[in-house]
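Engineer: Output the structure for:
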Amino acid sequence: MHRAFLLATSLVLAACKAEPQDSDPAPEDLSVTLLANGPYGVGYVEQSVTYDPGDGPRTLRLAVWYPSDTHEGPELRYQGAFPAPGVIGDAPVADGPFPLVVYSHGHQGYAEASGRIVSQLVSHGYVVASPDHTGNTAFDGSDRTTAIFWQRPRDIGAVLDHVTAPAHLLAGHLSDAPIVGIGHSFGGYTMHALAGATYDTATLFPGCAAGDTQDFCSTMTPDQEALFSAGLRDDRITSIIAMAPGNLDLFTASGLEAIGIPELHMTGQLDNPTLNEATWAGLDRAGNLRTNLEDGGHNIFSDFASALDSGPEYIDPEVGWPIIGAYWLAWIRAHHGDDTVAPVLDGTLVFGDTTEVVVGGQ
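Structural biologist: Okay, the predicted model is just below:
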């Protein structure tokens, strides 16, 4: 476990812009680059995806952010209501090519629920595609039935099919860099399923048969049991970032051990430390990394942190969001072969004076 104190994040954000590096940057320069916005403007478009996951047509509202050379434009509000500072609707796409990242929101969230952190990443030259998981958004109610547990991973697969299609507006603007998946809460579960975590079927299915009517078991059928038994891995996802992931009971730590791709596990100590530690127990191995904000709650990873995690004990979201974005960026750059971010992944360079970093397998 390592700690480090950096310059105040607010000063860094106000004064610094990412600049091209001709040689490996010094740690303090690297922190400035990763914490600050990058050189691109942030374009945004809302689309729709319809596909058949196996039980009939399913339509998803899709948010896509992309780098643009345009930095100013009309004020945008997600879904006509939620602030989207610095994001420009239908801006022209920069030349690229840019790596693709896919995002999965939490239970009762929506596609743009982590828009502030997503914008920071996009400004550094990444495309991010994020669907509304239909039936499990802020506008659909709180009920979860069995189907949503396998539909969510299928949604992400459909989004990848859509965004990488030759006719998509980003055709010719996407690189062939490995695809990284990011998810928050129930979206973290979604990423674990996509990454190959195995379900604890020996316990889960008998519990469903015995009359458990909670979420996962609520509408279970033999066909759905077969889906979970086979697993929901998508080989196109080559690394994941799981923020405050939930539903450990469906996998247990041993099921997480089946994940064969690297993971950045991000948590807040003011969330659910018992669950966080139990989850990390299944992930603590070489190639993985954990960051833990001691003053972060469950919702620091969303745009609604100040409303949902209120109180003086919680980190100011305007400070927390750039820290989270810096770890996203470092993790993805490393996954794409950038060795200059090694001090972040080995715990030498830590963002924020309340951040704990644990390097897996040590």
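Engineer: so where do the strands sit in this protein?
Structural biologist: Assigned by DSSP state E, the strands in the chain fall at 41-51, 58-68, 77-78, 82-83, 87-89, 100-104, 127-131, 179-184, 237-243, 263-268, 289-293, 355-359.
Engineer: if we look at the fourth one, which residues are touching it?
Structural biologist: In this case it means strand 82-83. For strand 82-83, the external contacting residues (CB atoms under 8 Å, 6 or more residues apart in numbering) are Arg77, Glu112, Gly115, Asp303. (Glycine included, C-beta is placed from N, CA and C.)
Engineer: Could you dump those into a markdown table and include pLDDT and neighbour count?
Structural biologist: As requested, these are exported to a markdown table (pLDDT from 0 to 100; neighbours: other CB atoms under 10 Å):
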| residue | pLDDT | neighbour count |
| --- | --- | --- |
| Arg77 | 95 | 12 |
| Glu112 | 98 | 26 |
| Gly115 | 98 | 28 |
| Asp303 | 97 | 23 |
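Engineer: So which of these are in helices?
Structural biologist: In helices, defined here by DSSP state H, the members of the contacts of strand 82-83 are Gly115.
Engineer: in this protein, which segments are predicted with low confidence?
Structural biologist: Within the chain, the segments meeting pLDDT under 70 span 1-24, 28.
Engineer: Show me where it has its helices.
Structural biologist: 9-15, 27-35, 115-122, 146-163, 186-195, 201-209, 222-230, 248-256, 273-281, 305-308, 317-335, 342-345.
Engineer: Pipe those helices into TSV and attach distance to Leu289 per row.
Structural biologist: Listed next are the helices of the chain as TSV, based on distance: least, CB to CB, whole Å:
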stretch	distance to Leu289
helix 9-15	20
helix 27-35	14
helix 115-122	17
helix 146-163	22
helix 186-195	15
helix 201-209	29
helix 222-230	28
helix 248-256	15
helix 273-281	10
helix 305-308	22
helix 317-335	7
helix 342-345	6
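Engineer: Which of those helices sits closest to Pro53?
Structural biologist: helix 146-163 (4.1 Å; CB to CB).
Engineer: Buried residues, that closest one. List them.
Structural biologist: 146-160, 162-163 (16 or more other CB atoms under 10 Å).
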